[in-house]
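J.: Give me coordinates for this.
(3 chains)
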Amino acid sequence: MNIEKLGYKLPQAPKPAAVYVPAVRVGDIIYVSGQTPKEDNELLYKGKLGKDFTVDEGYEAARICILRALSAVEAEIENLDKIKRIVKLTGYVNSTDDFEEQSKVINGASELLEEIFGEKGKHARVAVGTNSLPGNAAVEIELIVQVVNY
Amino acid sequence: MNIEKLGYKLPQAPKPAAVYVPAVRVGDIIYVSGQTPKEDNELLYKGKLGKDFTVDEGYEAARICILRALSAVEAEIENLDKIKRIVKLTGYVNSTDDFEEQSKVINGASELLEEIFGEKGKHARVAVGTNSLPGNAAVEIELIVQVVNY
Amino acid sequence: MNIEKLGYKLPQAPKPAAVYVPAVRVGDIIYVSGQTPKEDNELLYKGKLGKDFTVDEGYEAARICILRALSAVEAEIENLDKIKRIVKLTGYVNSTDDFEEQSKVINGASELLEEIFGEKGKHARVAVGTNSLPGNAAVEIELIVQVVNY
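T.: All right, here's what the predicted structure looks like:
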């Protein structure tokens, strides 16, 4: 798989919480739960864009969310080569009321997906701001992925 | 169906508004419109978490949203036993800028789904904050459900 | 197609950005990226409901988002007659903390879809507020559409 060659290392897969799971597969579609920029269950970016973090820092936070989302997919399908298409990404950016650069922040997620998956990584996208996220995470990202039939 | 045995009573199904419908089925997937904590069209929880409501009150509001969402599903498929899997839940919590406990609020929805549906109730989940919701609802919840073919 | 008879003109299709695409098709489902009220890449409504725009202006902004979303669908399937059902609409309204009329704003999108597509245009819907959107757009709308097999 491309991901290690590119020098990325997937974090530990998100632990299934008591009340929901990191990913659900229905047919060839996998819905991944919203992921925040965590490593080993420690939230690395806590705060708001427009106040606590620069766009570059938000960009990096978005990348970490994606690695964690892919880790959740891998736990479901064992091998990321089975991904046929990254379908849709929704990115929520914890923002001050006047922050307007959510697109540039979420580009951290989109560009990483394209780097890893090439054409298959090109997805539909929604990027929005929000005034608050769980645990004061800077970014939260939700993913829908299509996998090959197997 | 488990739901009555557990002592829950579904509210009146959401009325189809002029311009959109409470649920749309495509194949075996049902998309449920965003539900707020209403009973008989009266909004029971109006205000923001972090200011107007405690986490426990938000938890209760989230439960009411789910009952209303299930009522919309029931109106579509007649019998909730036809639910094969709760696929995804998106929970929007009306929050002050510094409220961080959206996950605990949305647990009210997730735990109720698991209580009613068991393993089939385990879903992918997104929980985010927002600074405002329609009618100043405290919580809004959107659901995607898979049903058995029939 | 109904849309021209009704006097609407689709704007130029959204340009595929470097890192994501305006729409992705998976089977008979098309996921459309979040659209803001742009014409020729100029954002026509920049600001927040509850402060900078009236509900009527927000309603108009929501209509423009939908025309742009349909333009993205048309670029994918060539002819909007191939639309079988508008499945789901998610509307994000850039709002002050005390704005509560998101539903009326997003009705601009929903009513236009019903006007154009009739029964096929009746969709599931989520309408929420947010404290900020990319480029300070007043509204952002995401669409899921089912198309006929072909």
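
J.: how distant is stretch A:74-89 from the center of its chain?
T.: Stretch A:74-89 has its C-alpha centroid displaced from the chain centroid by 13 Å (Cα atoms, centre = their mean, to the nearest Å).

J.: Closest residue of chain A to chain C?
T.: Chain C sits closest to A:Gly129 of chain A, with a gap of 3.2 Å, by Cβ to the nearest Cβ. In short, each C-beta sits where N, CA and C put it, glycine included.

J.: A:Ser103 is in contact with that residue, correct?
T.: No: at 10.4 Å, A:Gly129 does not count as touching A:Ser103 under the criterion of Cβ atoms under 8 Å.

J.: quick revisit: helix, strand or coil for the residue of chain A closest to chain C?
T.: Per DSSP: H, G, I helix; E, B strand; the rest coil, the local secondary structure of A:Gly129 is strand.

J.: Could I get the contacting residues of the closest residue to chain B within chain A?
T.: Nearest residue of chain A to chain B (Cβ to the nearest Cβ) works out as A:Ser132 at 3.2 Å. Contacts for A:Ser132 (Cβ atoms under 8 Å, 6 or more residues apart in numbering or on different chains) come out as A:94, B:50, B:93, B:95-100, B:102, B:128-131.

J.: ChimeraX command to pick out the buried ones of those residues?
T.: The buried residues among the contacts of A:Ser132 can be selected in ChimeraX (16 or more other Cβ atoms under 10 Å in any protein chain shown) with this line:
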select /A:94 /B:50,93,95,96,97,99,100,102,128,129,130,131
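
J.: Okay, A:Leu49 and A:Asp56: tell me how far apart.
T.: 11 Å (Cβ to Cβ, to the nearest Å).

J.: Can I get the helix ranked longest in chain A as PDB, trimmed to CA atoms?
T.: The residue-count maximum for a helix in chain A (DSSP state H) belongs to helix A:55-77. Provided in PDB are the C-alpha atoms of helix A:55-77 (Å, rounded to 0.1, in the frame of the first residue of the first chain):
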ATOM      1  CA  VAL A  55      -4.200  27.900   9.100                       C
ATOM      2  CA  ASP A  56      -1.000  25.800   8.800                       C
ATOM      3  CA  GLU A  57      -1.600  24.300  12.200                       C
ATOM      4  CA  GLY A  58      -5.200  23.600  11.300                       C
ATOM      5  CA  TYR A  59      -4.000  22.000   8.000                       C
ATOM      6  CA  GLU A  60      -1.800  19.700  10.000                       C
ATOM      7  CA  ALA A  61      -4.600  18.800  12.400                       C
ATOM      8  CA  ALA A  62      -6.800  17.900   9.500                       C
ATOM      9  CA  ARG A  63      -4.100  15.500   8.200                       C
ATOM     10  CA  ILE A  64      -4.000  13.800  11.600                       C
ATOM     11  CA  CYS A  65      -7.800  13.300  11.500                       C
ATOM     12  CA  ILE A  66      -7.500  11.600   8.100                       C
ATOM     13  CA  LEU A  67      -4.800   9.200   9.300                       C
ATOM     14  CA  ARG A  68      -7.100   8.300  12.100                       C
ATOM     15  CA  ALA A  69     -10.100   7.900   9.800                       C
ATOM     16  CA  LEU A  70      -8.100   5.600   7.500                       C
ATOM     17  CA  SER A  71      -7.000   3.600  10.600                       C
ATOM     18  CA  ALA A  72     -10.700   3.000  11.300                       C
ATOM     19  CA  VAL A  73     -11.300   1.900   7.700                       C
ATOM     20  CA  GLU A  74      -8.300  -0.400   7.900                       C
ATOM     21  CA  ALA A  75      -9.700  -2.000  11.000                       C
ATOM     22  CA  GLU A  76     -12.900  -2.700   9.100                       C
ATOM     23  CA  ILE A  77     -11.400  -4.000   5.800                       C
END
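
J.: For it, buried residues please.
T.: In helix A:55-77, counting by 16+ other Cβ under 10 Å, buried: A:55, A:57-77.

J.: what helix or strand is A:Lys104 on?
T.: For A:Lys104, the host element (DSSP states H and E) is helix A:102-117.

J.: Does that helix reach chain B?
T.: No: Helix A:102-117 does not reach chain B (Cβ under 8 Å from any Cβ of the partner chain); its nearest approach is 13.1 Å.

J.: what does chain A put close to chain C?
T.: Residues of chain A lying near chain C by Cβ under 8 Å from any Cβ: A:28-29, A:50, A:85, A:87-90, A:93, A:95-103, A:107, A:110-111, A:114, A:122-131, A:144, A:146.

J.: can you do 6 Å?
T.: A:87-88, A:95, A:97, A:99-100, A:102-103, A:107, A:110-111, A:114, A:122-131, A:146 (Cβ under 6 Å from any Cβ of the partner chain).

J.: Spell out which residues of chain A are next to chain B.
T.: Chain A comes close to chain B at residues A:19-21, A:23-24, A:26, A:31, A:33-34, A:92, A:130-136, A:142, as judged by Cβ under 6 Å from any Cβ.

J.: Test my guess that A:Thr96 contacts A:Gly47.
T.: No: using Cβ atoms under 6 Å, A:Thr96 makes no contact with A:Gly47, being 10.1 Å away.

J.: From the centroid of chain A, which residue is nearest?
T.: A:Ile66 (2.9 Å; Cα atoms, centre = their mean).

J.: For the closest residue to it other than its chain neighbours, give me its contacts.
T.: Leaving aside its sequence neighbours, A:Ile66 sits nearest to A:Ala109 (Cβ to Cβ, 6 or more residues apart in numbering or on different chains; 4.6 Å). The neighbourhood of A:Ala109, defined by Cβ atoms under 6 Å, 6 or more residues apart in numbering or on different chains, consists of A:Ala62, A:Ile66, A:Leu89, A:Gly91, A:Ile141.

J.: Am I right that the last one is in contact with A:Leu67?
T.: So the one you mean is A:Ile141. No: if you go by Cβ under 6 Å, A:Ile141 and A:Leu67 don't touch, sitting 10.3 Å apart.

J.: buried stuff in the one helix or strand A:Ile86 maps to?
T.: Using DSSP H and E, A:Ile86 sits in strand A:83-94. Neighbour counts over strand A:83-94 (16+ other Cβ under 10 Å) mark A:Ile83, A:Arg85, A:Ile86, A:Val87, A:Lys88, A:Leu89, A:Thr90, A:Gly91, A:Tyr92, A:Val93, A:Asn94 as buried.
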